[in-house]
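**Student:** pasting a predicted model and its sequence here:
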Amino acid sequence: MSWGSPTAWYQNDLPPGARDLTRWFALQFRAGVNFEASPYGLPQDFTVKLVDGVGASASMQVGDSSGALFFPPGEAVTGDVPKAFLNTVSIPLTAFTGIQLSDVRSIRFEFDQSMAGDLLISDIAFSDMLDADGDGIGDRHDNCIQQKNATQLDYNLQGPDGFGNICDPDVDETNVIGSSDFNILRICLGKQVGAGACNGPPGSGCEHDPDCGETDYDGNGVVGASDFIIFRMFGIGNPPAVRVNEFETPRLRN
């Protein structure tokens, strides 16, 4: 992208169905100074503006979030020609205040920080980039942010409750991991997940997990030693999956 006036701009309009940005963490793209066409030796900067459905806008300068737009090192006179660098720029969407992030209509790049320049820009996207446990599921959507669970298995008798198996040993749903939860695990230990797998006597707790699907914490289809280790990690008397991060306050099941 090249420009010869500080009033130049580039705009990307968001189609219906892609305008709700509340599920995302950041606006992300790759960028670098094109040394062949940009003023020699000068870094660049520009403004990113989001515009919502009622026309309100919020802006951030790239330089406030990243140092990506430096002029590439090198010296043409000595033959050490500069090389093109494409660096990742990530701007948190929380930086764009005063607009409705649930209804963003356009992304505008305003090249208002210099009279002229030329940039290489690619891969403009929204990113759910925080992934505390490294399982490939961003924290905003991960049902266990501290334990890896790429499958997001969330087995419960009454249906998914938003807490993945691997961080939810509270099988009887009392909001406390107790002896009854351990008893269900004990009965299911060594069994494959399936109809009627938990076959304990009345009052054993099997009514809460008749298929042993919820005590299969690691989701491998068999309740085994690894599931017992996961149970011990949480410990009797403690609450189950309490999600605490920058997106959610601590909560238990309703």
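**Tutor:** The structure has been received and is ready for your questions. Numbering: from 1, shown residues only.
**Student:** now the helices for the stretch 51-200 of the chain?
**Tutor:** Applying DSSP state H, counting those that start in this stretch to the stretch 51-200 of the chain gives helices spanning 179-188.
**Student:** show me the shaky parts of it.
**Tutor:** 74-82, 129-130 (pLDDT under 70).
**Student:** and the strands in it?
**Tutor:** Under the criterion DSSP state E, counting those that start in this stretch, strands of the stretch 51-200 of the chain are mapped to 57-61, 87-92, 104-110, 117-127.
**Student:** and the shortest one with strand 87-92, angle?
**Tutor:** The one in question is strand 57-61. 140 degrees (axes from the mean of the first three to the mean of the last three Cα atoms, to 10 degrees).
**Student:** with the third one instead?
**Tutor:** Strand 104-110 and strand 87-92 meet at an angle of 130 degrees, taking the same axes, to 10 degrees as the criterion.
**Student:** buried sites along strand 104-110?
**Tutor:** For strand 104-110, burial by neighbour count (16 or more other Cβ atoms under 10 Å) applies to 104-105, 107-110. (C-beta placed from N, C-alpha, C; glycine too.)
**Student:** distance check, A125 against P202.
**Tutor:** 54 Å (Cβ to Cβ, to the nearest Å).
**Student:** who's more crowded, those two?
**Tutor:** A125 (11 against 6; other Cβ atoms under 10 Å).
**Student:** and stretch 88-96, how far from the chain's centre?
**Tutor:** Here stretch 88-96 is found 13 Å from its chain centre; the criterion is Cα atoms, centre = their mean, to the nearest Å.
**Student:** now do the same end-to-end measure for it.
**Tutor:** 19 Å (Cα to Cα, to the nearest Å).
**Student:** closest one to V223 among the strands of the stretch 51-200 of the chain?
**Tutor:** Closest to V223 of the strands of the stretch 51-200 of the chain, according to Cβ to Cβ: strand 117-127, at 36.7 Å.
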